[in-house]
Every structure is written in structure tokens, then in C-alpha cells.
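**Q** 3D, please:
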Amino acid sequence: MTLPDSLFVSKDLIPREVELPDGSKHTLHFRELDSATFERFHEERGSDVAAERYGAMATLIAAAVCEPDGKPAMTVAKAATLKPKVQVMLSGII
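**A** Down below sits the predicted model:
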């Protein structure tokens with residue numbers, strides 16, 4: 001039996017037009033994240049270490065949002081400075 005490719009993370013980027021809270025529209029590119037990345041995210045969200053809990057979403061966003069060529073669009077430190085409404089919007093897409 002051969003498993004279908006659709007069960008696995010694709011290397012293809014997903015372009016998505018997003019409307020930011022200020023009304024501006026931009027095309028952002030996202031990579032599919034593997035299940036291990038989401039497991040780490042959930043572990044960090046449940047951590048007893050405050051820095052891990054508060055940085056978990058920034059880490060996830062930095063892993064998913066990329067440039068059209070696949071390079072990361074931002075560092076974790078930069079993702080941590082996103083406006084709250086933007087962070088919520090991006091996390092909903094991811």
C-alpha cells in the first residue's frame with residue numbers, strides 16, 4: 001500500500017492574501033508545519049517557564065511565515081513584536 005502524499009507536509013508554499021487590522025492587504029507566504037512543530041508549540045504553551053509560554057506563538061509564526069523564496073520572513077524576536085491583532089490573525093491562518 002502506498003500512502004498518499006496529501007498525508008504529509010508539502011514543501012510548496014501557500015500564498016495567502018491577508019487583510020491586516022489597519023485595512024491594508026498583503027500577500028504573505030506560509031509553509032505547512034509538521035506535527036512535531038505543533039507538539040513543541042503545545043509543550044511550550046503548557047510550560048512552567050513563563051518565557052517559553054509567552055514565546056510559543058512567536059516561535060510558531062516565525063516558523064510558518066516566509067518569503068516567496070522560502071526563507072524565513074522574520075525571526076522569533078521580530079515575531080514577538082507583532083501587534084496582538086496581527087498575531088491572532090496569523091495564528092488563525094497557521
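**Q** those strands in this structure, which residues are they?
**A** 14-19, 25-30, 65-66 (DSSP state E).
**Q** okay, those in TSV with distance to residue 58, mean neighbour count and mean pLDDT next?
**A** All C-beta spots, glycine's among them, are computed from the backbone N, C-alpha and C. TSV is the format used below for those (distance: least, CB to CB, whole Å; neighbours: other CB atoms under 10 Å; pLDDT from 0 to 100):
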stretch	distance to residue 58	mean neighbour count	mean pLDDT
strand 14-19	17	12	96
strand 25-30	15	14	97
strand 65-66	11	19	98
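**Q** for the protein, just list every one of the helices.
**A** Taking DSSP state H as the criterion, the chain contains helices spanning 35-45, 50-64, 76-79, 84-93.
**Q** give me the pLDDT for residue 21.
**A** The model reports residue 21 with a pLDDT of 88.
**Q** ok, the nearest residue to it once chain neighbours are set aside to residue 91 distance?
**A** Nearest residue to residue 21, sequence neighbours excluded (CB to CB, 6 or more residues apart in numbering): residue 85, at 4.3 Å. Using CB to CB, to the nearest Å, one gets 11 Å for the distance from residue 85 to residue 91.
**Q** next one: residue 11
**A** The gap separating residue 11 from residue 91 is 22 Å, by CB to CB.
**Q** compare neighbour counts for these two and give me the winner.
**A** More crowded of residue 11 and residue 91, by other CB atoms under 10 Å: residue 91, with 14 against 8.
**Q** that one against residue 59, yeah?
**A** No: here residue 91 does not reach residue 59: they are 11.5 Å apart, not a contact under CB atoms under 8 Å.
**Q** so where's the protein shaky on pLDDT?
**A** Low-confidence segments of the chain (pLDDT under 70): none present.
**Q** now, of the helices of the chain, which is deepest in the fold?
**A** Highest mean neighbour count of those: helix 50-64, a mean of 17 (counted as mean count of other CB atoms under 10 Å).
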